[in-house]
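Engineer: whatever this is, show me its structure:
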Amino acid sequence: MSPSGAKVPAHSALPASLHTELRALITSSRQRLAGAVNAELTRLYWTVGQRIHAELLQGERAAYGARLISELGTQLAREFGRGFEAKNLQRMRQFAQAFPEAEIVATLSRQLSWSHILALLPLKSAPARQFYAAQCAEQTWGVRELRRQIERKAFERSEIAAVQTSAAALPALTTPSQVFKDPYFLDFLGLHQGHDEADLEGAILRQLEAFILELGRGFAFVERQKRMVIDGEDFYLDLLFFHRRLRRLVAIELKLGRFKAAHKGQMELYLKWLDKHERHSGEEAPIGLILCAESSREQVELLQMHKDGITVAEYWTELPPKAELEQRLHQALVEARELMAKRGVLLEGDGDE
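Structural biologist: Model (predicted):
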């Protein structure tokens, strides 16, 4: 009772919705603040690196550069902390060399952390750095996932697939070359010699999360052994996915041996059926991926499968040592580019007639 005799109301429970709302506001604000701090630090590191690089260009000897960075690192670390030690100043300089354009750095600073950028610096080619930076931003890769993708040669495999489909007459944002790879690394399936297609499919379904991670972001599993009745006969597609960004069904066929020309006709039939019976309003035409134990690049080139929305890629159930892996991927890319060059010659010849 109050001194006046009025009854004091009991305290009501804290509204759960209010707590949830305020918690979301605080979290969101902290995230924006962290993003702003990260962006400012990244721009600062680039500016420091650019200034050091410009100064070193005026020096005549390498010893001058090493002494300059060492002395600067000692002084700046004493004033601003270990983040400005000599080894970090050298990384900032490498950052400025790897990404010399301020406009690109401004975009990167809003999308990637400094740890992401450090993972990109050892890459030798500008296209590789640009590819991984774009993928980090688009697919929200963490630093660990970025390192994993670099280790598993995502850029090289995407480039090989892109060469195969680069002449496809598809809109820029819906071309399979942006989502397919060649080869696919299925070492996580744990398959050994002597497996059949059923073993391969079963292993993929057991490791579906890892398989989708290898396919790339945007793939959603729809169905296995998709039944199609054509002229009273049953046909079965191994795996059916949907890609959200492409807004397309993606049919996947698994083949144990080497690619054969007959596989094209089979996939074309499946894609026509899917286009007629499964394609929804607002979706693009279905596309196909044929995964073979061994590709036949010349056959794929002669069949011009890219025109029919079909990509052929190898799958590897065991990965070779790193040096052999790099050599095999390099050789595959060279062969793909040679075929692409021949295609260009043929197209020019057709135009002259």
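Engineer: low-confidence ranges in the chain?
Structural biologist: Scanning the chain for pLDDT under 70 picks out 1-14, 58-62, 163-178, 194, 339-353.
Engineer: what segments of it are strands?
Structural biologist: With DSSP state E as the criterion, the chain has strands at 184-185, 219-230, 233-243, 248-258, 287-294, 310-316.
Engineer: neighbouring contacts of the fourth one?
Structural biologist: This points to strand 248-258. Outside strand 248-258, the residues that touch it by CB atoms under 8 Å, 6 or more residues apart in numbering are 174, 195-197, 200-201, 204, 219, 222, 226, 237-243, 263, 266-267, 270-271, 274, 278-279, 283-296, 315. Where you see a C-beta, it was placed from the backbone N, CA and C, and this is true even at glycine.
Engineer: cutoff 6 Å now
Structural biologist: Strand 248-258 is contacted by residues 197, 200-201, 237-243, 267, 270, 274, 284, 286-294, 296 when judged by CB atoms under 6 Å, 6 or more residues apart in numbering.
Engineer: out of the strands of the chain, the one nearest R91 is which?
Structural biologist: R91 sits nearest to strand 184-185 of all the strands of the chain, at 29.9 Å, using CB to CB.
Engineer: the closest one pairs with which strands?
Structural biologist: Applying DSSP bridges, strand 184-185 is found paired with strand 310-316 (parallel).
Engineer: which positions in the strand it pairs with come out as buried?
Structural biologist: Buried positions in strand 310-316, judged by neighbour count with 16 or more other CB atoms under 10 Å: 310-315.
Engineer: adding distance to L215, write those out as CSV.
Structural biologist: CSV is the format used below for the buried residues of strand 310-316 (distance: CB to CB, whole Å):
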residue, distance to L215
I310, 16
T311, 12
V312, 15
A313, 11
E314, 14
Y315, 11
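Engineer: which stretches in the stretch 1-150 of the chain count as helices?
Structural biologist: Secondary structure of the stretch 1-150 of the chain (DSSP state H, counting those that start in this stretch): helices at 16-58, 62-80, 86-98, 102-111, 114-120, 126-139, 143-151.
Engineer: turn the ones you listed into JSON lines, including distance to L249.
Structural biologist: Conversion of the helices of the stretch 1-150 of the chain to JSON lines gives the following (distance: least, CB to CB, whole Å):
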{"stretch": "helix 16-58", "distance to L249": "35"}
{"stretch": "helix 62-80", "distance to L249": "55"}
{"stretch": "helix 86-98", "distance to L249": "39"}
{"stretch": "helix 102-111", "distance to L249": "30"}
{"stretch": "helix 114-120", "distance to L249": "33"}
{"stretch": "helix 126-139", "distance to L249": "21"}
{"stretch": "helix 143-151", "distance to L249": "25"}
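Engineer: mind checking which of those helices is nearest Q304?
Structural biologist: When the helices of the stretch 1-150 of the chain are compared by CB to CB, helix 126-139 sits nearest Q304, at 25.7 Å.
Engineer: could I get the buried residue list for that closest one?
Structural biologist: For helix 126-139, the buried set under the neighbour-count rule, 16+ other CB under 10 Å, comprises 128-133, 135-136.
Engineer: again with stretch 98-107
Structural biologist: Result for stretch 98-107 [16+ other CB under 10 Å]: buried residues 98-99, 105.
Engineer: what is the end-to-end distance of it?
Structural biologist: Taking CA to CA, to the nearest Å as the measure, stretch 98-107 stretches 15 Å from start to finish.
Engineer: can you pull out the residues in contact with that stretch?
Structural biologist: By CB under 6 Å, 6+ apart, the surrounding residues in contact with stretch 98-107 are 46, 121.
Engineer: and that stretch, how far from the chain's centre?
Structural biologist: 21 Å (CA atoms, centre = their mean, to the nearest Å).
Engineer: what's the neighbour count on the closest residue to W114 other than its chain neighbours?
Structural biologist: Leaving aside its chain neighbours, W114 sits nearest to T42 (5.7 Å; criterion: CB to CB, 6 or more residues apart in numbering). The number of residues packed near T42 is 22, by other CB atoms under 10 Å.
Engineer: thought T42 was touching L112?
Structural biologist: No - counting by CB atoms under 6 Å, T42 stays clear of L112, with 7.5 Å between them.
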